[in-house]
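K.L.:
No sequence on hand, only this structure:
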């Protein structure tokens, strides 16, 4: 009898789990269930379709239909997993016609993802209020943009900023409202956030920070939001206030959640219930810097976790490394990157930090087309280890984040990083890499402190 | 009495030595002597001026004249250091009018650089034959390009390729001749070299590899070169066959040279003669991978070595880390990067290697403007450590080189690198970083071998 593997959720984590399971067990019967009408697609691309930088939603499709056939996956779209019976190892599913079916499994992988958090304020159900999570969200916003003159984005994380970028690129007057006193609070410290806010302002996006949206107002559709008693016009309101792990399916089954309210898994991505694995935005990770549980809902993590879950679910062995959290985005003409802990996050778990930030160039000063890049390096002062970095620049931010991710992974000190043997050529880099310069200042501050 | 510091050579190493010496000893009397008529400039920028990407040679000037005044440096241009008397600590200099002067020093820094190696073949003195080292070389080539229809570049290192890029960008039919059977022999292995050669060919540059130039022919000026009996037309011939450390000034003084024929220095950049320091293209480095002496004549090394020499020459303490050799360039629409050892170099010093190369994209597959990037990772099979990498891509190569440089510095294994927590966003990176994928293949090969 072939091993039966059921995967709930057919996006980044789910399909990578399926791929890995297939490689591990060529004979397994692998079923993917997803409530959306589309097979796996790149959520991260949606804002760029809206901005007009990607031609259509269709190109976001991660794998062609032939992939599912070739891999012999059973793909059940527009189908909901309704409940799980872990004793009999059965998932009850319901298709769009309302037909129920009981799927037997030996291994179950929960790749249920996350739901955008819809703040339950007045007017949140009005037409013109959107989340930014699915292709259907994207299509709704795309339609609304045709007539909209103004928009408010609630929440200034990467998704919020990318949404603002998309709206402003369509000449829609856009305001971001963030309840924390600075933008990107989960990734940046206030200094780098303020620098980013200035750059966004140059592109016409206004930020209202340290402010709460009290209500969405409008007759038959959204017309504005109320922020501190003041009304801000908005034909479109996008809720980008974070996402919450989708765990309703496992309520009462004994599958434990962690402190982050996401599913707790062991290094093999197995939950507290044997035979049930989980991966992607619904699971909790462990920080390699603090050792503590954390929730970094990134595509990269989803792919790695999915792969690990798939291998183990198919009878193989794989274990997932702990995470550092490397994140990058691009809006307008600049990139934003963060890796490791911010000073705020470090302080929250009890670390002192020493930091420095400097502004350099991405090419030799005289080379046309060079862009500004601002780098902040954060280190712990006793051992001197790099704990995090924040980077904003006109180009080449993602690979700087990767360089720092490797540095953190190998527990590099700021002093070691300051001596990094970096590369240089006038059209592509400065003689002295800004990352090394920032690290040097941090190392000097640490030395002075000792 | 202020400390007297004389620096022979006022380019990257020399001026950075002067800057560091000034910071270390604000009262020192610092004299910079250089035979060229220009104060420190970026040699690396010269090919890009010729290619028309940088507006003029003037912008290559590293520091404005005010810098030298502000730092209270005595700058003696068009002045040659003729001899050194280490017993009396005197440098004899000669200005362009033929006036001699004896400069007393407490510390002497040799930043004499290197000379292009002019292959002593017939016709090497003909007009139309150039080196590619100084602004005057650049100006000569610029003038010759006005009427030239064809060119031959001898030597396929970065300088040779950048020169070919400049010539071809001016619609001059350009051929590179390389004596080794593949281009970039000091940086790349044959596989990556062949890939690069193909890309150059797309831009109209022909390479003749494994071929020696036997003579340069022409009546009053260069008209062609003879390669294996065959004549190749060339109104311009550029010798880019490497550079040789300039050490004539120290002959007979007891300043030891190393096996690379460059000046041997200790970690403080002091030569075997007390009080005489050296930095830049004239000094030998030590590889942090092999522990062996090596000669990596890069601007980055010059700046670091100059800074260290300057601090020590002024009575401070600084020590230079060993080097990894991170190099990057950009020609036409692609970048070339190398770090650490090639497989060929590793084999030469006795290492076995396992390598893998893969081709990825610089952005999500669906994101317009993404470029191809080919990554080769090389590791030693017993400990599994990454020893080197070679990268060719349409963008973001320099920072990938830096990521790998940090990985090598911290003795990362291919397996560890394969789990690197890299960043992703559709406009700036792929979900799975090609560097990590290549490392994963290497790690698998190593595992299979064990």
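P.N.:
Perfect, thanks for sending it. Since this is a predicted model, take the numbers as computed values, not measurements. Numbering: from 1, shown residues only, chains lettered A, B, ... in the order given.

K.L.:
any idea how far the residue lying closest to residue A:233 once chain neighbours are set aside is from residue A:237?
P.N.:
Using CB to CB, 6 or more residues apart in numbering or on different chains and skipping the chain neighbours, the partner closest in space to residue A:233 is residue A:150 (4.4 Å). For glycine as for every other residue, the C-beta is placed from the backbone atoms N, C-alpha and C. Distance check for residue A:150 against residue A:237: by CB to CB, to the nearest Å, it reads 10 Å.

K.L.:
ok, now residue A:323?
P.N.:
Residue A:323 sits 32 Å away from residue A:237, going by CB to CB.

K.L.:
Mind checking which of those two has more residues around it?
P.N.:
More crowded of residue A:323 and residue A:237, by other CB atoms under 10 Å in any protein chain shown: residue A:237, with 28 against 21.

K.L.:
Residue A:106: how many residues sit nearby?
P.N.:
So residue A:106, with other CB under 10 Å, has 17 neighbours.

K.L.:
Provide a list of residues in contact with the residue nearest to residue A:233.
P.N.:
Residue A:150 makes contact with A:172-175, A:232-236 under the criterion CB atoms under 8 Å, 6 or more residues apart in numbering or on different chains.

K.L.:
Strands along the stretch 101-250 of chain A, start to end?
P.N.:
Ranges of strands in the stretch 101-250 of chain A, per DSSP state E, counting those that start in this stretch, are A:107-110, A:114-116, A:129-131, A:150-154, A:173-178, A:205-209, A:213-217, A:224-227, A:230-233, A:236-239, A:243-245.

K.L.:
quick one, domains of chain A?
P.N.:
Following automatic domain parsing, one finds the domains of chain A at A:4-115+A:244-313, A:118-241, A:327-449.

K.L.:
what's the most buried one of these?
P.N.:
Among the domains of chain A, the stretch with the highest mean neighbour count (mean count of other CB atoms under 10 Å in any protein chain shown) is domain A:327-449, at a mean of 22.

K.L.:
quick one: terminal-to-terminal distance for that one?
P.N.:
Start and end residues of domain A:327-449 are separated by 31 Å (CA to CA, to the nearest Å).

K.L.:
what do you get for stretch A:281-301?
P.N.:
End-to-end for stretch A:281-301, by CA to CA: 8 Å.

K.L.:
Figure out how far that stretch is from the centre of its chain.
P.N.:
Computed by CA atoms, centre = their mean, to the nearest Å, the chain-centroid distance of stretch A:281-301 equals 11 Å.

K.L.:
What of stretch A:405-418?
P.N.:
Averaged C-alpha coordinates place stretch A:405-418 at 24 Å from its chain's average position (CA atoms, centre = their mean).

K.L.:
quick one: average confidence on it?
P.N.:
Averaged across stretch A:405-418, pLDDT comes to 98.

K.L.:
do stretch A:369-381 as well
P.N.:
Taken as a whole, stretch A:369-381 has a mean pLDDT of 97.

K.L.:
ok now it, how far from the chain's centre?
P.N.:
22 Å.

K.L.:
again with stretch A:131-140
P.N.:
16 Å.

K.L.:
Do any residues in it lie close to chain B?
P.N.:
No. Judged by CB under 8 Å from any CB of the partner chain, stretch A:131-140 stays clear of chain B, getting no closer than 13.2 Å.

K.L.:
swap in stretch A:186-194?
P.N.:
No. Judged by CB under 8 Å from any CB, stretch A:186-194 makes no contact with chain B; its nearest approach is 11.2 Å.

K.L.:
picking that back up, which of the contacts of residue A:150 lies closest to chain B?
P.N.:
Using CB to the nearest CB, residue A:174 comes nearest to chain B of the contacts of residue A:150, at 18.8 Å.

K.L.:
residue ranges with poor pLDDT in the stretch 101-250 of chain A?
P.N.:
Applying pLDDT under 70 to the stretch 101-250 of chain A flags no residue at all.

K.L.:
residues from it in reach of chain B?
P.N.:
Counting by CB under 8 Å from any CB, the stretch 101-250 of chain A comes close to chain B at residue A:158.

K.L.:
from the stretch 101-250 of chain A, which residue is nearest to chain B?
P.N.:
Nearest to chain B in the stretch 101-250 of chain A, going by CB to the nearest CB, is residue A:158, at a distance of 7.9 Å.

K.L.:
Let me see the contact set for the closest residue to that residue other than its chain neighbours.
P.N.:
Closest residue to residue A:158 apart from its sequence neighbours, by CB to CB, 6+ apart: residue A:329 at 4.5 Å. Residues near residue A:329 by CB under 8 Å, 6+ apart: A:158, A:161-162, A:335-337, B:425, B:428.

K.L.:
and if we set it to 7 Å?
P.N.:
A:158, A:161-162, A:335-336, B:425 (CB atoms under 7 Å, 6 or more residues apart in numbering or on different chains).

K.L.:
Could you point out which of the residues you listed is nearest to residue B:32?
P.N.:
residue A:335 (39.3 Å; CB to CB).

K.L.:
Okay, and that closest one sits in which element?
P.N.:
strand A:334-340 (DSSP states H and E).

K.L.:
Packing partners of that strand?
P.N.:
Applying 3 or more CB pairs under 7 Å, 6 or more residues apart in numbering or on different chains; DSSP states H and E, one finds that strand A:334-340 makes contact with strand A:326-331, strand A:386-393, helix A:397-409.

K.L.:
Just grab the bridge partners of residue A:277 for me.
P.N.:
residue A:109, residue A:270 (DSSP bridges).

K.L.:
ok, now residue A:294?
P.N.:
Going by DSSP bridges, residue A:294 forms beta bridges with residue A:285.

K.L.:
wait, doesn't it sit right on residue A:301?
P.N.:
No. Taking contacts as CB atoms under 7 Å, residue A:294 lies outside contact range of residue A:301: 10.2 Å.

K.L.:
Residues that sit against both of those two, list them.
P.N.:
Contacts common to residue A:294 and residue A:301, judged by CB under 7 Å, 6+ apart, are residue A:285.

K.L.:
what about residue A:429, which SS state?
P.N.:
Under the three-state scheme (DSSP: H, G, I helix; E, B strand; the rest coil), residue A:429 adopts coil.

K.L.:
which residues touch the spatially closest residue to it that is not a sequence neighbour?
P.N.:
Among residues not flanking residue A:429 along the chain, residue B:398 sits closest, at 4.3 Å (CB to CB, 6+ apart). The contact partners of residue B:398, taken as CB under 7 Å, 6+ apart, are A:423, A:425, A:428-429, B:328, B:335, B:337.
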